[in-house]
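Q: could you look at this predicted model? Sequence included:
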Amino acid sequence: MTTTTAGGVSKSALAHDWLRRRIARHEYIPGHRLVLSTIADTLDMSVVPVREAIRRLEAEGLVSFERNVGARVAMVDESEYQFTMQTLGVVEGVATALSAPLLTGAELARAERINHQLEQLLDDFDALTFTRLNQDFHAVLFAPCPNPHILDLVQRGWGRLAGIRDSTFASVPERAGHSVGEHTDILRLIRTGADSLEIELAARRHRWRTLDAFLAARHPDHQLASESSHDEGPQAP
């Protein structure tokens with residue numbers, strides 16, 4: 001039985017990427033049942049690589065198994081979302097700071113163009129398109145990170161968010177405008193050669209403010225204990 005395509009790509013990897021894209025785009029929404037035989041027929045492969053792909057997606061938190069039902073796209077888990085965003089704020093902040101001196105003028109110009117596209121979406125808001133472009137923006141800024149372990153953690157964090165990320169800006173569309181402004185601030189810091197810690201904290205606060213907006217929308221009567229700390233700089237010893 002052939003386990004790779006004609007191009008040398010494993011069928012399991014192909015199925016994984018195919019499924020992951022559809023979950024990220026919300027073509028397969030949370031709760032959607034993943035029928036192995038149907039997916040295998042669509043991709044013209046056996047169920048074995050599809051099963052392997054779904055196991056990988058389960059490890060990434062995008063798929064869950066339900067007794068007597070099978071695999072489903074994972075439902076939004078607020079605690080998991082909170083923990084992932086907190087962690088991503090830390091590691092993406094470090095990755096962005098490490099990438100800053102390595103970013104070329106062309107790469108920064110590309111990030112600015114993407115942010116301009118995000119700004120243009122604000123008048124006729126499309127949460128799905130905004131989410132995709134927002135990820136593209138951040139990917140430009142952390143991609144040159146020279147530490148492969150940190151970069152892997154960032155990519156894993158984005159992977160975990162793939163199934164629920166769209167709901168963030170859909171739930172709190174007013175956050176989108178603030179996000180665009182914070183992107184501009186981060187780009188300014190990078191262009192002006194700001195201290196790496198300042199860049200790291202700006203990127204971290206940006207991620208955590210999105211988390212706070214999401215949680216505040218779900219719990220409007222709850223004061224987030226972390227809110228004030230997001231606007232504080234490094235403290236003197």
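A: Happy to help now that I have it.

Q: going forward, measure contacts and count neighbours with C-alpha atoms only.
A: Will do.

Q: contact partners for residue 184?
A: With contacts defined as Cα atoms under 8 Å, 6 or more residues apart in numbering, residue 184 is in contact with 112, 115.

Q: before we move on, what about residue 153?
A: Under the criterion of Cα under 8 Å, 6+ apart, the contact list for residue 153 reads 88, 91.

Q: that one is in what secondary structure piece?
A: Assigned by DSSP states H and E, residue 153 belongs to helix 148-161.

Q: just give me how far that helix sits from the chain centre.
A: Here the centre of helix 148-161 is set off from its chain's centre by 9 Å, with Cα atoms, centre = their mean, to the nearest Å.

Q: swap in stretch 92-109?
A: With Cα atoms, centre = their mean as the basis, stretch 92-109 stands 17 Å off its chain's centre.

Q: okay, buried residues for it please.
A: 92, 93, 94, 95, 96, 97, 98, 99, 100, 103, 108 (16 or more other Cα atoms under 10 Å).

Q: any idea which helix or strand comes after the helix or strand bottoming out on mean pLDDT in the chain?
A: The helix or strand of the chain with the poorest confidence is helix 165-171; it has a mean of 64 (mean pLDDT, DSSP states H and E). Moving toward the C-terminus from helix 165-171, the first helix or strand encountered (DSSP H and E) is helix 174-191.

Q: quick one: average pLDDT of that next one?
A: Over the span of helix 174-191, the pLDDT mean works out to 97.

Q: can you check stretch 24-41 too?
A: Per-residue pLDDT values over stretch 24-41 give a mean of 85.

Q: can you give me the end-to-end span of that stretch?
A: End-to-end distance of stretch 24-41: 21 Å, with Cα to Cα, to the nearest Å as the criterion.

Q: flag every buried residue along that stretch.
A: Applying 16+ other Cα under 10 Å to stretch 24-41 flags 24, 25, 26, 28, 29, 30, 32, 33, 34, 36, 39, 40 as buried.

Q: likewise stretch 168-181?
A: If you call a residue buried by 16+ other Cα under 10 Å, then stretch 168-181 has these buried ones: 168, 169, 170, 172, 173, 175, 176, 179, 180.

Q: what about the buried residues of stretch 92-109, which are in helices?
A: Counted as lying in helices by DSSP state H, out of these, are 92, 93, 94, 95, 96, 97, 98, 99, 108.
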